[in-house]
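Colleague: A predicted structure for the sequence below; I have some questions about it.
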Amino acid sequence: NAGVMQNPRHLVRRRGQEARLRCSPMKGHSHVYWYRQLPEEGLKFMVYLQKENIIDESGMPKERFSAEFPKEGPSILRIQQVVRGDSAAYFCASSPVSTGGAGTEAFFGQGTRLTVV
Amino acid sequence: AQSVTQLDSQVPVFEEAPVELRCNYSSSVSVYLFWYVQYPNQGLQLLLKYLSGSTLVKGINGFEAEFNKSQTSFHLRKPSVHISDTAEYFCAVSDLSNYQLIWGAGTKLIIKP
């Protein structure tokens, strides 16, 4: 059973371009979470999705960022018109059920390191 | 609001020496506590977690952590470290009804030969 797969591992974009980050959850997992890690900081929650639904996007910047988790295929985190401040590591995690309530473990991918030049 | 403080950004220690990585949290409600490890160029891996019950939790690779409710701490310990323990360690907390993990800034464990 492959783990959570994120690609690309490294992504370089020029200011103003779009960045698309992909996350394939573990087999059998229908809950996906995206976190962002800025340099020298801990991870910060961005968004929680289930198949075809955004459950909580309270951590997403209001503009330029969007996320989806379609019925088929990976979850996508999309950043439009990237700026230097978007440079960070973006981690995806998945779980078979919601991680709330029972302390269910979330399994993390290796992250995508976005560099905006 | 919950928060997590990892007091040391780096901890250098000699190989085979004991180590303690400190984690304190603030929360007005009961919480779950986690330690994750990130090896160089790898993803995050769960080391151990405290949900309830015994306050001493044992994890993988010889690590253990003790939950201290009165001090709101969840320090990670290992009696004898190995060069392969070189990594960054993250403490995280969630309350019993919330899926969000709140993370500390991480502690880099540096093993000196």
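Modeller: Ah, there it is. Note that the structure is predicted; figures quoted are calculated from it, not measured.
Colleague: if you skip the residues just before and after it, what's nearest to B:Glu66?
Modeller: Distances taken as C-beta to C-beta, 6 or more residues apart in numbering or on different chains place B:Leu56 nearest to B:Glu66, at 5.2 Å, with adjacent residues excluded. Where you see a C-beta, it was placed from the backbone N, CA and C, and this is true even at glycine.
Colleague: Geometric centre of the chain: which residue is closest?
Modeller: I'll assume chain A. Residue closest to the average C-alpha location in chain A (C-alpha atoms, centre = their mean): A:Trp34, at 3.3 Å.
Colleague: let's do chain B instead
Modeller: B:Trp35 (3.7 Å).
Colleague: who does it bridge with?
Modeller: Beta bridges link B:Trp35 to B:Leu48, B:Cys91, judged by DSSP bridges.
Colleague: circling back to that earlier point, partner strands of the strand or helix carrying the residue nearest to the centre of chain A, parallel or antiparallel?
Modeller: Using DSSP states H and E, A:Trp34 sits within strand A:31-37. Counting by DSSP bridges, the strands paired with strand A:31-37 are strand A:43-50 (antiparallel), strand A:88-95 (antiparallel).
Colleague: Tell me which of these sits most buried.
Modeller: Most buried of the strands paired with strand A:31-37, by mean neighbour count (mean count of other C-beta atoms under 10 Å in any protein chain shown): strand A:88-95, with a mean of 24.
Colleague: Now it: average pLDDT?
Modeller: For strand A:88-95, mean pLDDT is 94.
Colleague: what's the closest non-adjacent residue to the residue in chain B that chain A sits nearest to?
Modeller: Nearest residue of chain B to chain A (C-beta to the nearest C-beta) works out as B:Trp103 at 3.4 Å. Nearest residue to B:Trp103, sequence neighbours excluded (C-beta to C-beta, 6+ apart): A:Gly42, at 3.4 Å.
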